[in-house]
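Chemist: One predicted model, sequence on top.
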Amino acid sequence: MLCGLNAIQHDSLRGMIAADVTIAMAALHVLGIVVLREAGTAGLTDLGQYAVRRVRGMAQPGDPVLQMRVTIAGVDDPPVWRQLVIPAGYTLDRAHDAIQVIVGWQDSHLHVLRIAGREYGPAYLDDELEMLTKRIPGSVIW
């Protein structure tokens with residue numbers, strides 16, 4: 001789309017983009033998100049760093065946490081389990097990733113997450129899940 005532009009059109013477009021970036025950075029500066037420096041550079045303030053961590057779903061000091069116990073089904077003597085503390089704001093996807101790490105798996109084992117009687121995870125049929133859980137040592141129900 002931009003290939004058909006001549007030099008004057010390219011320069012005009014660059015000027016509009018530069019103006020838009022300048023306006024956006026000025027707004028972020030007024031909001032206290034960035035500090036504008038010389039030579040057209042900028043840096044994040046503490047508030048800006050906090051906002052970026054929040055947008056990325058990263059935990060903040062003082063955030064509530066959840067304590068989980070992950071038990072490997074079918075392994076009873078001795079039982080195999082791990083305890084995990086995660087930020088309460090984690091999505092199930094992020095909790096799943098954390099569990100995979102503490103158990104040492106690479107998302108290749110049968111698993112389901114049970115919370116207050118509801119199951120979350122791959123779409124296994126109930127009979128299939130129960131049969132596989134009984135047959136496969138080391139399958140897990142979280």
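Modeler: Yes, it's here.

Chemist: which element follows the longest helix along the chain toward the C-terminus?
Modeler: In the chain, assigned by DSSP state H, the helix with the most residues is helix 7-30. Scanning forward in sequence from helix 7-30 by DSSP states H and E, the next helix or strand is strand 34-36.

Chemist: For that following strand, which residues meet the burial criterion?
Modeler: Using 16 or more other C-beta atoms under 10 Å as the test for burial, strand 34-36 gives Val34. For glycine as for every other residue, the C-beta is placed from the backbone atoms N, C-alpha and C.

Chemist: and the longest strand for the protein?
Modeler: Taking DSSP state E as the criterion, the chain has its longest strand at strand 65-76.

Chemist: now for that one, which elements pack on it?
Modeler: When contacts are defined as 3 or more C-beta pairs under 8 Å, 6 or more residues apart in numbering; DSSP states H and E, strand 65-76 packs onto strand 79-87, helix 92-103, helix 126-135, strand 140-141.

Chemist: Sort out which residues of that strand are buried, please.
Modeler: Met68, Val70, Ile72, Ala73.

Chemist: With stretch 88-97 instead?
Modeler: Neighbour counts over stretch 88-97 (16+ other C-beta under 10 Å) mark Tyr90, Ala95, His96 as buried.

Chemist: Report the separation between the two terminal residues of that stretch.
Modeler: For stretch 88-97, the first-to-last residue distance is 15 Å (C-alpha to C-alpha, to the nearest Å).

Chemist: List of residues touching that stretch?
Modeler: Applying C-beta atoms under 8 Å, 6 or more residues apart in numbering, the contact partners of stretch 88-97 are Gly57, Ala59, Asp63, Pro64, Val65, Leu66, Met68, Ile86, Ala98, Leu113, Tyr120.

Chemist: residues in contact with Pro64?
Modeler: By C-beta under 8 Å, 6+ apart, the neighbours of Pro64 are Pro87, Ala88, Gly89.

Chemist: still on that earlier bit, what's the farthest-apart pair in the contacts of stretch 88-97?
Modeler: Farthest-apart pair in the contacts of stretch 88-97 is Asp63 and Tyr120; separation 22.0 Å (C-beta to C-beta).

Chemist: With adjacent residues omitted, what lies nearest to Pro79?
Modeler: Once flanking residues are discounted, Pro79 sits nearest to Thr71: 6.6 Å by C-beta to C-beta, 6 or more residues apart in numbering.

Chemist: I am finished for the moment; much appreciated.
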